[in-house]
Each structure stands twice: as C-alpha cells, then as structure tokens.
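# Attaching a predicted model along with its sequence, questions to come.
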Amino acid sequence: MTGQDLVVAEGLTKRYDIRGRGTLTAVDDVDLRIEKGTTLALVGESGCGKSTTGRLLLALERLSAGKVTIDGASVHDLGKRELRALRRKMQPVFQDPYDSINGRMTVEQIIAEPLRVHRFPGDLAGKVGELLDAVNLASALARRFPHELSGGQRQRVAIARAIALDPEFIVCDEPVSALDVSVQAQVVNLLRGLQAERGLTYLFISHDLALVRYLAQRTAVMYLGRIVEEGPTAQVFADPRHPYTQLLLAAAPRPRVRAQDKVAATVRSIGELPSPLSKPSGCAFSSRCPLATDRCHEETPVLRVLEDGRAAACHYAETAQVGAA
Amino acid sequence: MTEQLLEARDLRVDFGEGREAVRGVDLTVARGETVALVGESGCGKSLTALALMDLLPPGAHASGSARLGDTELIGRDERTMRRIRGDRIGMIFQDPMSALNPTTTVGTQIAEVLAIHTSMGRRERRRRALELLDSVGIPDPAVRAKQMPHELSGGMRQRVMISIALAGSPELLIADEPTTALDVTVQAQVLALLRERTRDTALLFITHDMGVVAEIADRVAVMYAGSVVEFGPVAKVLEAPEHPYTAALLRSVPDPDRPATGDLPTIPGQVPSVGEQIEGCPFQPRCASATDECVIAPALVTTGESAVACWNPRTDLLSEVAR
C-alpha cells in the first residue's frame, strides 16, 4: 500500500566555501523521499546538516548539486514567478517563531499576511478566525502582539500562518524544542491532528528522538552531512542498525531510573563531533565508532537497503551491535 | 540520618509590591548528595538557585532562610557572599560563554580562581590547572590550557566550567541547566563527569528535563508556581509520584522506548504567572484530583523519605496509569 511520494530529493548537496579554511560540505549527496500525507523525521546532533537539508527542500538556499521535486515540480529549476506560486504549497515552521514573525504585527495581521500576499479572494477576517480555531487559539488573542503570548501560543500562531494557504508540505525545524514538555505535548498533538485533518506532509527536523517516535512514520538519521540510517520509525527505534543510531538512542535521556548498560557506557567514551571541515576519511563516523575496523577508515560505506527494507550506511550494518561482547 | 549541608526554609523571592516568584521553598541537600530541582519555565527553580548564591537580578529580593552548614546565606553582605561563592559554593551555568572571560586562555582563568581561593604559588597553580583540565576529561590539557574559550566546543567549555567550579574544592556545587545546550551524546558525557566528580561534593542540579533527573539525582524536588510540591528519592518520585502535577508532567514526557500510540498526554490550562495571586493549592485549577479541600493551600508534609504538598496524594505506580 505505497502512496505517492510528494517530496523527492536526489543527490542533495550543499557546500560552503570557508575563507582560508577550505570547503565545508554541510549536506553531502542526500536522497530523501516523503510519501504524501506522512511524516519523515530527520534527526541528528547540531551541525549534522539537518536544518540545511530542510532549507534546501524549500529552496530557501541554493543547491550545490542535486535535485528536489515537490509534487512533480523541480523546485530549484523554477523561475521566480513559478517558485512563488509553488511556495503556497510548502511552508516552514521554525524553532523560534520570533525569527519568522514580525513582532510589530498583531496575531491577526501575522496570520493574514500570507493570505494578502497571495491575494486571498474571500473573507479575510473569517479565514483568520478559522485558522485561529484550527490551532486552538482563542479569538480574543487576535489583537495581541507576539510578546504578549506564551511560547506555546506563539508557536501556534506560526503554525496557523504556515497552514493559511493550505500547503501540502511543511518543514518543521525543531518546532517544539524551546517549549516546556507539557506545552510541547500540546503542540505535537496539534501537528498530528492537522496532518490527519488536512493530509499534510511533514519533514520534522529534531534532535529529540523520543518526540520523533510520536510523530513520524519514517526516520532518517544524519551524521556530518550524510544520512546514515533511514527506515520505518518503529524499525529504526526497535533495532537500530547503524552504530551511530544505536549510540544516539542510548544517549537519549529517559524519565526513569535505569540500570547502566554497556551501550550507555560506550556513549561516554566516544568523544565529540570532529570538525566538519576535516571529516575522517572513509566512514565519517569511524573516528568515534567503537566498532570501526581498518576498512571503515578507508572505504566510505554507501547507504544500502538491508533485508528488512530499511537502509543503513555501515559496512557491518547486518551485525553491528555497540556494547555487545 | 545524614547531615544536611544545605537547608532552605520558607525561601522566598519577590520583585516588590508582593509580586512573588519563589513562594516559600523548603529544600535540603546532604553532604555528597545530588538533589535535582526540576520544573517548567517560570516555576522559580533558577531564582531559587540564584537566591542561594546571592546573584539575583536587580529588583529581586530574597527572604526566608537558607543555611550552608552553620552559615546563613540569605541577607548577607556582598563581601561575605563573594567569599562563600567559589570557596564553599561552586557554580555552573547553562552557557559557559557567559561565565568565562572570552579574552583570556582557559588555563589562566583556572589559575586565577586558584589564586583567589588557595594559597598556591604561581607555578603550582599552573600545574594544578593542567591537573584540573585533565580531571574533567579534556584531552591534551597543556594544549587546551593555551586556548581561548571560543576555540573549544560547547562540551569542552562546560568541562572547563566544571573544573573552575571545583577548583576551590567547594562543599556545594550549584549547576543551573548545565547540559541543556549540549547534544545528547555530549550531554551523557558531561553528566557522567559530574556524577564522578561530585561523589564527595553536594550537588544541587537545576533542570527542566525529567530524563536528566533520572540520570543524575539521588533525590528530586519538583517545583510548581514558586514552591516545592514534591520531594523524595529519585526512583520513588519518577515511578510512584504522589503529587498529581509530578505525575502529569512525567506522563507528558515522550519516551523513546515506548511505541507511540495516540496523542501525548497534556496538562490542561496554564501555569500561574509570576506575582499572580494564588488561592489554595496552586495546581488546583488544572488538577484532575482536586476536591473541596484544595481551596486551602496544602503544606509540604514529610512521611518517611518523601514529602508532598497535596490533600489527595496519589498512591499508584505511574506505569499502572493508562498512557
């Protein structure tokens, strides 16, 4: 029962020239597919390239190489006017709504702005009311300014604005990371509800693995610009095949006291991320991987599909088990 | 009964005109113990920590009592407090960049702290600074000591902060969200380091993250709207919370080990704002177990090892509650 892919990225690459220090490849030959009406989570630690990937999908940054198609349209090859028309279909929601909304506008004006820009033909005030309702914000808040709202309310405003033009695809970049857990849960539930009602397709960028489990049908794990593992969320969580995914999962804090296992102990010995300007040769994770062999330091593993249908970029994906033995 | 090193009684912080942010905190930390102070934004956990160190922002005023051994910390003069900070209380904050001097090498900064708090000579301070860097797991201490804070990663900077906080061998370490800005693998490393380096030092660890609480704490105090609503051994509070707020907060935390089914549980309503008049139990308007008694504010009542401020404390295990 496979549906149609709304978002397809092939060979997505973004390089930055850092003056005097060489080239930083923030996103390195990334392939992604997101089925219509589903969520793909993109997880990884800071600097792994997950946010840049999201910006590339929305054509908020230029590609160095590769191709992005959304609903069949090649996003980076469109003219200005066509791209503008396509922007109705794809919207971002960022971590800090302060970055993306004008603090001098009222809630009403913020939500109405994209409708005005795209010459919404109907009853503007009525539409804004509907949108406030859709994100569970009291209509009394319409005349307020962003600084008068709580963090959770501001994020609801950002979501209302993002869905104003009935988009098909939303890139959510750490949308709840700045919120308290009880508020986080409300916003996550809202995003799930909107998806069910409107058939939205999400790329959900997050460093929080626990949250991803509630939201995403599929999960992709990034490390130093590359996807190291991708598959159905349940599979990736139940039996991660890439050593990095295994360590990342073990490192995620749980709200309960647990026995110290070997994987958690290994996390403490793997040190920190190498500079993206001087990635290790071979597998990028080889410098921290407790299972690395000579082959890993020489030969870069490709992202290959395993028997169970998920993909992993590890020479030993079938057997890799950090903390075993 | 272990000796309590820190004992706060009815600690309050107000911003004038009766606008209270911390509304009577009772808290103890024993020698060598780690107590986590956990709560959501605006609950007063950071202000509680700042009040203990006499580092409140302008306009904020502390009252009540907090004793460190035989020394009262509240209402002391600046000179005395400056002596106590560093000598007897070490501090670690969320953003080490705000606490480190950006124009001085980290080695020199550690040596400066040693000059203030010990009688070591210059050469000995240099040597000790390298030892301290090594003790917090910084590779090539001699090289790192000559670097500026901005040349280090966030995790390394936090390690430097820990070495500085421990340089004066304080009795109590206060850490305010020290790992919040770090990636999970680095967070796990810094938490392990803190655990190891504070075996003999009392640690008051401020956090919003129940997962971090589980990793670091011996006991946990849960704050809501300016007061401690539950205080007990970490396993007890996380597995069998007695206060309905603790239970609701724990249920709203997503768990990477649980398959996702349905929506995440939420807490209806909103936290009262700072200075808002609170009648009765502060959680009552949002509480599913509220009864008529709740119009009267419940006191934090200790039974055995645990304390809870609730008229209708829960008696079940959290895992038995439908999620």
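Yep, that arrived.
# Identify each buried residue in stretch B:15-32, please.
B:15, B:20-30, B:32 (16 or more other Cβ atoms under 10 Å in any protein chain shown). Yep, even glycine has a C-beta here, placed from its N, CA and C like the rest.
# Between the two ends of stretch B:197-212, how far is it?
Across stretch B:197-212, the terminal residues are separated by 17 Å (Cα to Cα, to the nearest Å).
# now A:Gln220, nearest residue through space, not along the chain?
You called it Gln, but residue A:220 is Ala. Closest residue in space to A:Ala220, ignoring its immediate chain neighbours: A:Glu230 at 4.2 Å, by Cβ to Cβ, 6 or more residues apart in numbering or on different chains.
# My reading is that the one you found lies in a strand. Confirm?
Yes. Counting by DSSP: H, G, I helix; E, B strand; the rest coil, A:Glu230 is part of a strand.
# in the sheet, who's paired with it?
Here A:Glu230 sits in beta bridges with A:Ala220, A:Ala311, as judged by DSSP bridges.
# how far away is it from chain B?
Distance, A:Glu230 to chain B, using Cβ to the nearest Cβ, to the nearest Å: 17 Å.
# got it, and A:His207?
7 Å.
# do the same with A:Phe145
Distance of A:Phe145 to chain B, given as Cβ to the nearest Cβ: 17 Å.
# Run through the residues that contact the closest residue in space to that residue that isn't next to it in sequence.
Leaving aside its sequence neighbours, A:Phe145 sits nearest to A:Thr106 (Cβ to Cβ, 6+ apart; 6.0 Å). A:Thr106 makes contacts with A:Ala142, A:Arg143, A:Arg144, A:Phe145, as judged by Cβ atoms under 8 Å, 6 or more residues apart in numbering or on different chains.
# do A:Ala138 as well
A:Leu132.
# and the gap between it and chain B?
Between A:Ala138 and chain B the distance is 12 Å, computed by Cβ to the nearest Cβ.
# What values do phi and psi take at that residue?
phi -60, psi 140 (degrees, to the nearest 10).
# Name the residue of chain A that lies nearest to chain B.
Ranked by Cβ to the nearest Cβ, the top residue of chain A for proximity to chain B is A:Pro253, at 2.5 Å.
# So what does the closest residue in space to that residue that isn't next to it in sequence look like in phi/psi?
Closest residue to A:Pro253 apart from its sequence neighbours, by Cβ to Cβ, 6+ apart: B:Gly211 at 2.5 Å. Dihedral pair for B:Gly211: phi -70, psi -40, per degrees, to the nearest 10.
# Would you quantify the distance from B:Gly211 to A:Arg254?
5 Å (Cβ to Cβ, to the nearest Å).
# Compare the two and say which is more crowded by neighbours.
B:Gly211 (22 against 18; other Cβ atoms under 10 Å in any protein chain shown).
# Confirm for me that the more buried one is in contact with A:Ala252.
Yes. Using Cβ atoms under 8 Å, B:Gly211 is in contact with A:Ala252, at 7.2 Å.
# mind putting the buried residues of stretch B:15-32 in TSV, distance to B:Ile138 and secondary structure included?
Output for the buried residues of stretch B:15-32, formatted as TSV (distance: Cβ to Cβ, whole Å; DSSP: H, G, I helix; E, B strand; the rest coil):
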residue	distance to B:Ile138	secondary structure
B:Phe15	40	coil
B:Glu20	42	strand
B:Ala21	37	strand
B:Val22	36	strand
B:Arg23	41	strand
B:Gly24	41	strand
B:Val25	35	strand
B:Asp26	38	strand
B:Leu27	32	strand
B:Thr28	33	strand
B:Val29	28	strand
B:Ala30	30	strand
B:Gly32	25	coil
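# Tabulate the residues you listed (TSV), appending distance to A:Cys283 and pLDDT.
Shown next, in TSV, are the buried residues of stretch B:15-32 (distance: Cβ to Cβ, whole Å; pLDDT from 0 to 100):
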residue	distance to A:Cys283	pLDDT
B:Phe15	54	93
B:Glu20	56	92
B:Ala21	50	94
B:Val22	51	96
B:Arg23	54	95
B:Gly24	56	95
B:Val25	50	97
B:Asp26	53	96
B:Leu27	48	96
B:Thr28	50	97
B:Val29	45	97
B:Ala30	47	96
B:Gly32	43	93
